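Colleague: Okay, sequence plus prediction incoming.
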Amino acid sequence: MAEKKKRLALVATKGTLDWAYPPFILASAAAAMDWEVGIFFTFYGLPLLNKEIDAKVSPLGNPAMPMKMPFGSKGFQNINWPMPNLLMANIPGFESAATGLMKKMFKNKGVASIEDLREACVDLDVRMIGCQMTMDVFGFSKEDFIPEAEVAGAAAFLAYAAEAEVNMFV
């Protein structure tokens, strides 16, 4: 008799660039370890299933965002940005600049892009499930998403998660 695969159930609720990484990293790592993996995308995590991902950095959504980040450009590696997040969020162009800097930092460190991680999840047969209620509330349709995306309600995902050894809310 074959041994039952371990199962990971993830709930992804955020769609900013920094919060897009955890579900895809955890899912691809578990799937590469031959685990069965499902991610339930709900609320602001749902756009991560869009054909084109447009995730940005938002200091307002992450009060723990470090003010000192090694962005990898000479002269900017360890600059201490002594401004509170609320102030930075109101500076015109900050979101675009922070997004570009984070993407550059990740690339310089050899970290895969969100798109590449999502594609790895597709290749590893990770189930990516969009929340039907969230789709209805925010006006999404199945056609907005990558073809591999499934659509289901919370009850269907809970049935999946009930059989998982590991459940995570990220």
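Modeller: Structure's in. What do you need?
Colleague: What about the closest residue to Ala12 other than its chain neighbours, how many residues nearby?
Modeller: Counting by Cβ to Cβ, 6 or more residues apart in numbering, the nearest residue to Ala12 once its immediate chain neighbours are dropped is Gly45, at 3.6 Å. To be clear about C-beta, it is placed using only N, CA and C from the backbone, and glycine gets the same treatment. Counted by other Cβ atoms under 10 Å, the residues lying close to Gly45 total 24.
Colleague: in terms of contact, does Gly45 touch Thr13 like I think?
Modeller: Yes: using Cβ atoms under 8 Å, Gly45 is in contact with Thr13, at 4.7 Å.
Colleague: Would you mind checking which helix or strand in this protein has the lowest mean pLDDT?
Modeller: The element with the least model confidence among the helices and strands of the chain, by mean pLDDT, DSSP states H and E, is helix 85-89, at a mean of 54.
Colleague: would Tyr44 count as being in a helix?
Modeller: Yes: assessed by DSSP: H, G, I helix; E, B strand; the rest coil, Tyr44 belongs to a helix.
Colleague: how about it, what does it touch?
Modeller: Contacts for Tyr44 were tallied using Cβ atoms under 8 Å, 6 or more residues apart in numbering; they are 13-16.
Colleague: Can you tell me who Val37 pairs with across the strands?
Modeller: Beta-bridge pairing of Val37, defined through DSSP bridges, involves Leu8.
Colleague: Now do the contacts for it.
Modeller: Listed by Cβ under 8 Å, 6+ apart, the contact set of Val37 reads 7-10, 27, 30-31, 121, 124, 126-127.
Colleague: In helices only, show me those.
Modeller: Within the contacts of Val37, membership in helices is found for 27, 30-31, 121, as judged by DSSP state H.
Colleague: What number of residues are in the vicinity of the residue nearest to Asp144 when sequence neighbours are not counted?
Modeller: Counting by Cβ to Cβ, 6+ apart, the nearest residue to Asp144 once its immediate chain neighbours are dropped is Asn50, at 5.8 Å. Burial of Asn50 is recorded as 16 neighbouring residues (other Cβ under 10 Å).
Colleague: With Ala152 instead?
Modeller: Counted by other Cβ under 10 Å, the residues lying close to Ala152 total 17.
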